[in-house]
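1. how would this look folded up:
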Amino acid sequence: MTTRLMEILDRDAAIMRAKMVEAMPAADGEARQVRELMILLHTGLLVIQKDEKHRRGVARVCRSNPRQNPDY
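-> Model prediction:
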């Protein structure tokens with residue numbers, strides 16, 4: 001992964017963590033673990049969505065300019 005993508009993912013995870021803390025205050029250790037798991041799951045889904053958008057963008061570029069296609 002590129003450094004820029006990692007920065008974006010870290011930022012998104014921090015935003016999600018802040019939102020989850022507001023929505024689900026954790027009083028005990030188990031509640032904190034549940035909250036962290038939800039954050040990780042949601043962040044993972046964001047990574048998949050961003051990767052899919054990136055792949056579609058690359059596919060569009062490759063179709064419009066075959067020389068940029070890695071399989072060319």
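
2. Could you check how many residues crowd around Ile39?
-> Neighbourhood size, Ile39 [other Cβ atoms under 10 Å]: 19. Every C-beta, even on glycine, is put in place using the N, C-alpha and C of the backbone.

3. Same question for the one 3 residues further on.
-> Here the neighbour count serves as a burial measure; for His42 (other Cβ under 10 Å) it reads 16.

4. Now for this structure, the helix or strand with the poorest mean pLDDT.
-> Counting by mean pLDDT, DSSP states H and E, the chain has its least confident helix or strand at helix 29-64, which shows a mean of 67.

5. In stretch 10-30, which residues are buried?
-> Within stretch 10-30, the residues that qualify as buried are 13, 16-17, 20, counting by 16 or more other Cβ atoms under 10 Å.

6. Glu7: which of the residues you listed is nearest?
-> If you rank these by distance to Glu7 using Cβ to Cβ, Ala13 comes first, at 10.8 Å.

7. pretty sure that closest one contacts Ile39?
-> Yes: applying Cβ atoms under 8 Å, one finds Ala13 in contact with Ile39, separated by 6.8 Å.

8. Dump the buried residues of stretch 10-30 to CSV, plus secondary structure.
-> Output for the buried residues of stretch 10-30, formatted as CSV (DSSP: H, G, I helix; E, B strand; the rest coil):
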residue, secondary structure
Ala13, helix
Met16, helix
Arg17, helix
Met20, helix
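
9. Asp28: which of the residues you listed is nearest?
-> Closest approach between the buried residues of stretch 10-30 and Asp28, by Cβ to Cβ: Met20, at 15.7 Å.

10. and that closest one, what does it touch?
-> Shown in contact with Met20 (Cβ atoms under 8 Å, 6 or more residues apart in numbering): 35, 38-39.

11. and what of Arg11?
-> By Cβ under 8 Å, 6+ apart, the contact set of Arg11 is empty.

12. just the CA coordinates of the host helix or strand of it, formatted as CSV?
-> Assigned by DSSP states H and E, Arg11 belongs to helix 3-23. In CSV, the C-alpha atoms belonging to helix 3-23 read as follows (Å, rounded to 0.1, in the frame of the first residue of the first chain):
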residue,chain,number,x,y,z
THR,A,3,2.0,5.9,2.1
ARG,A,4,-0.8,8.2,1.0
LEU,A,5,-3.4,5.4,1.2
MET,A,6,-2.1,4.4,4.7
GLU,A,7,-2.5,8.1,5.8
ILE,A,8,-6.1,8.1,4.5
LEU,A,9,-6.9,4.8,6.2
ASP,A,10,-5.3,6.0,9.5
ARG,A,11,-7.4,9.2,9.3
ASP,A,12,-10.6,7.3,8.6
ALA,A,13,-9.9,4.9,11.5
ALA,A,14,-9.4,7.9,13.8
ILE,A,15,-12.6,9.5,12.7
MET,A,16,-14.5,6.2,13.2
ARG,A,17,-12.9,5.7,16.6
ALA,A,18,-14.1,9.1,17.7
LYS,A,19,-17.6,8.5,16.4
MET,A,20,-17.8,5.2,18.1
VAL,A,21,-16.6,6.6,21.4
GLU,A,22,-19.4,9.1,21.2
ALA,A,23,-22.0,6.5,20.2
